[in-house]
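J.: the sequence isn't on hand, but the structure is:
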């Protein structure tokens, strides 16, 4: 059932890029990031009120309907807007050029997903599920800071591309400097605000989750270092240097996986006060089936 969402979300992402490239920020971002979650919440809430079992299958079905609804609204609005701005003309297909242009960005997205999930996958090999959950909660709570560079990139991408296309070097430098300031300083404020209430936020999951607070401190340092470099990847992508950006992300993803595999076994098992682990490490053992009895010696 989940696979049904893939073409729907793909269409939404494509139209998101088309709308943002033409400066239609609300049309690009509101349907996938506001309307779709709202439709999902309303659908699940209505199912619960009608007494339907709210399980994984129903949740996926609601996600399909929510994604389809958001895609339809975005398609109709974008089509109406483009028909007013663009005159009808002949259709041309440049598949080879499209693949050459899209391949670096596919690598960028793949490596970005690797950077976001490699740590959890490696940690899950050494810690019990409860401890992995603690780390996941801390990491995802701290990653709220990433909304700031994403928002700045969404707002500045088409401006940087237009300035580069017109050859306005002075304006391009000013735009990049503005984007860097809008990324770093709000990220610093947001990171400090999240750390100030981090233990309370972790306690909402479970009071024992507060042992993961040091993880958030380390992640905050990394996120601020990333913010200090400003929109470097955005500038590369918007100036036709997608291959260089993809190469850097490939190297970063490989380094992240290698460092996680090398450092997690030695440092991940020391959680808790006085070296005591809040939960015992997961022990690998052969589980017996319900009707299976151990073989007699």
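T.: All right, it came through fine. These numbers were taken from a predicted model, which means no experiment stands behind them.

J.: where exactly do the helices run in the stretch 51-200 of the chain?
T.: For the stretch 51-200 of the chain, the helices defined by DSSP state H, counting those that start in this stretch cover 56-85, 95-123, 129-142, 147-166, 169-196, 198-205.

J.: of these, flag the one that's most buried.
T.: Most buried of the helices of the stretch 51-200 of the chain, by mean neighbour count (mean count of other C-beta atoms under 10 Å): helix 129-142, with a mean of 19. (C-beta placed from N, C-alpha, C; glycine too.)

J.: compute the inter-axis angle for it and helix 198-205.
T.: 130 degrees (axes from the mean of the first three to the mean of the last three C-alpha atoms, to 10 degrees).

J.: show me what helix 129-142 is packed against.
T.: Judged by 3 or more C-beta pairs under 8 Å, 6 or more residues apart in numbering; DSSP states H and E, helix 129-142 is in contact with helix 95-123, helix 169-196, helix 198-205, helix 213-228.

J.: make CSV out of the helices of the stretch 51-200 of the chain and add distance to residue 217 and mean pLDDT.
T.: Listed next are the helices of the stretch 51-200 of the chain as CSV, based on distance: least, C-beta to C-beta, whole Å; pLDDT from 0 to 100:
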stretch, distance to residue 217, mean pLDDT
helix 56-85, 34, 95
helix 95-123, 15, 87
helix 129-142, 9, 90
helix 147-166, 19, 88
helix 169-196, 7, 94
helix 198-205, 9, 92
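
J.: okay if I get those helices as a markdown table plus distance to residue 25?
T.: Compiled in a markdown table, the helices of the stretch 51-200 of the chain are given as follows (distance: least, C-beta to C-beta, whole Å):
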| stretch | distance to residue 25 |
| --- | --- |
| helix 56-85 | 12 |
| helix 95-123 | 20 |
| helix 129-142 | 25 |
| helix 147-166 | 7 |
| helix 169-196 | 15 |
| helix 198-205 | 29 |
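
J.: ok so, going back, residue 162 is nearest to which of the helices and strands packed on helix 129-142?
T.: Of all these, helix 169-196 sits nearest to residue 162, with 9.3 Å by C-beta to C-beta.

J.: which residues touch stretch 190-210?
T.: Stretch 190-210 has contacts (C-beta atoms under 8 Å, 6 or more residues apart in numbering) with 133-134, 137-138, 141-142, 144-145, 148, 212-213, 216-217, 220, 223-224, 278.

J.: now the nearest residue to residue 9 once chain neighbours are set aside: how far from residue 114?
T.: Spatial nearest neighbour of residue 9, chain neighbours left out: residue 67 (5.8 Å); criterion: C-beta to C-beta, 6 or more residues apart in numbering. Distance, residue 67 to residue 114, using C-beta to C-beta, to the nearest Å: 24 Å.

J.: could you do residue 257 as well?
T.: In terms of C-beta to C-beta, residue 257 sits 7 Å off from residue 114.
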